[in-house]
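Participant: take a look and give me a structure for this.
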Amino acid sequence: VFEHRILMLKGLFVNYLILPIIAIGIGLFTGDFGIAAGLFLLSVLSGGGMVMHWIKKSNADTSLGFILLFLNLVFVSLSLLMLHTFGEYGAPYFDAEYSQDINVESFAKGVIELLIIIPFILSRVIIFIEPVKNFIIDKQPYISKISLFVIIFYLFGLQNSQLLFELYDFEQELFPISVIAVLAFYFIIYFLARVVYNLESPFERAAFWQTITRYVTLALVVSTFSINTFGISMILPIMFAYIVQIPFAIVLSKHKF
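Facilitator: Numbers count the residues shown, from 1 in each chain. Sure thing, here's the model as predicted:
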């Protein structure tokens, strides 16, 4: 950690200052509070479950990649605080209201405990159970596909999912706006990361992946808790982030750095 402190500070600066500013800028152009909140949430959630796969596949340094992943998990509380701050101070720019009864603070503790702390402790325990660990390693490709299916099933099985269809009926324009906003967001952060990181270094490549890859699954879960606060349109950029990020990462991982 001490050896790569400059790289880590650079990553924190990019992921928790520059990217949120970019998300706010694009969000203001959309004119929709929910879409802006969804983009902002993506901007403050770095890494994710697949990031170590992409780091390994591009021959980046996996040890540093794991440390960066763990560091980003530690900062999830900061990410939720930033989303809460965005809601409080950003709502007036969209002529919207940020509910003080149902807001980010009301579920932040549960999200951190159930989605970060418990899974991390469980993963450390599984490492010492050889049969379980070997089974997971052996079936990893299948587990990844099943996990993706479960996520999609969860998304479209939500009780509030019918609100998305109602949104499409009454505000169809928000769907193409959201697609363009997500494409612009990923386009900008990709070229920003190419400028900031030296891709000849395996350590900098690990930080590069931690920047261009967003924790979309966690963003999806948080957004479902935030529908009553930011509006159903908050889910739109996160839905389209799946469609953009996964194929983009697959193509990019085949690139010879």
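Participant: so for the helix or strand harbouring residue 210, what's the average pLDDT?
Facilitator: Residue 210 is located in helix 202-212, with elements delineated by DSSP states H and E. Throughout helix 202-212, pLDDT has a mean value of 93.
Participant: now for that helix, which elements pack on it?
Facilitator: With contacts taken as 3 or more Cβ pairs under 8 Å, 6 or more residues apart in numbering; DSSP states H and E, helix 202-212 sits against helix 5-13, helix 51-57, helix 62-74, helix 174-196, helix 235-253. Backbone N, C-alpha and C define where each C-beta goes, glycine included.
Participant: let's have those in a markdown table, adding distance to residue 32.
Facilitator: Formatted as a markdown table, those follow (distance: least, Cβ to Cβ, whole Å):
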| stretch | distance to residue 32 |
| --- | --- |
| helix 5-13 | 28 |
| helix 51-57 | 28 |
| helix 62-74 | 27 |
| helix 174-196 | 6 |
| helix 235-253 | 9 |
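Participant: in JSON lines, list these along with distance to residue 210, mean pLDDT and mean neighbour count.
Facilitator: Putting the helices and strands packed on helix 202-212 into JSON lines (distance: least, Cβ to Cβ, whole Å; pLDDT from 0 to 100; neighbours: other Cβ atoms under 10 Å) gives the following:
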{"stretch": "helix 5-13", "distance to residue 210": "6", "mean pLDDT": "90", "mean neighbour count": "15"}
{"stretch": "helix 51-57", "distance to residue 210": "6", "mean pLDDT": "87", "mean neighbour count": "20"}
{"stretch": "helix 62-74", "distance to residue 210": "5", "mean pLDDT": "87", "mean neighbour count": "18"}
{"stretch": "helix 174-196", "distance to residue 210": "9", "mean pLDDT": "94", "mean neighbour count": "17"}
{"stretch": "helix 235-253", "distance to residue 210": "12", "mean pLDDT": "89", "mean neighbour count": "19"}
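Participant: residue 137: which of those helices is closest?
Facilitator: The closest of these to residue 137 is helix 51-57. By Cβ to Cβ, the value is 12.6 Å.
Participant: circling back: export only the CA atoms of the next helix or strand after the helix holding residue 210, formatted as CSV.
Facilitator: Sequence-wise, the next helix or strand downstream of helix 202-212 (DSSP H and E) is helix 216-225. Output in CSV follows, covering the C-alpha atoms of helix 216-225 (Å, rounded to 0.1, in the frame of the first residue of the first chain):
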residue,chain,number,x,y,z
VAL,A,216,-23.3,-1.6,-11.5
THR,A,217,-24.8,-4.4,-9.4
LEU,A,218,-24.5,-2.5,-6.1
ALA,A,219,-25.8,0.6,-8.0
LEU,A,220,-28.9,-1.4,-9.1
VAL,A,221,-29.6,-2.5,-5.5
VAL,A,222,-29.2,1.0,-4.1
SER,A,223,-31.3,2.5,-6.8
THR,A,224,-34.2,0.1,-6.0
PHE,A,225,-34.2,1.4,-2.5
